[in-house]
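Undergrad: Would you be able to build a 3D model of this:
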Amino acid sequence: MVIKYTKHFLDKLENLFAASEYILRYEKGNFKSGYCVLKETKIVIINKYFPIEGKINALIDIINELNFDPKDFNEKSTQDFLSELRQTTLKF
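TA: The predicted structure is shown next:
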């Protein structure tokens, strides 16, 4: 899958979190990786001062870290998007 660093692609990633059990928030903070995952409370916090590219990369990292299962989502389009996304590797 080709990652597009656009607002539309960021919205799709945010919608993926909205359909999951996790709450996505943008806050200011001193996160070394640019994000923080509070697994016990199922909250994901992204540095709000990140540019779009940083937010997208952080969200993809988190999705891979949390191992979202496409079967946990109701919509077929969300399942397909997640399946494609899980096959994507970021190269820095």
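
Undergrad: and the longest helix for this structure?
TA: Secondary structure of the chain per DSSP state H: the longest helix is helix 52-66.

Undergrad: what's that one packed up against?
TA: Counting by 3 or more CB pairs under 8 Å, 6 or more residues apart in numbering; DSSP states H and E, the packing neighbours recorded for helix 52-66 are helix 7-18, strand 35-38, strand 43-47, helix 76-86. Yep, even glycine has a C-beta here, placed from its N, CA and C like the rest.

Undergrad: Of those, which shows the lowest average pLDDT?
TA: With a mean of 83, strand 35-38 has the lowest mean pLDDT of the helices and strands packed on helix 52-66.

Undergrad: need the helices and strands packed on helix 52-66 in TSV with mean neighbour count, can you?
TA: Formatted as TSV, these follow (neighbours: other CB atoms under 10 Å):
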stretch	mean neighbour count
helix 7-18	15
strand 35-38	18
strand 43-47	19
helix 76-86	15
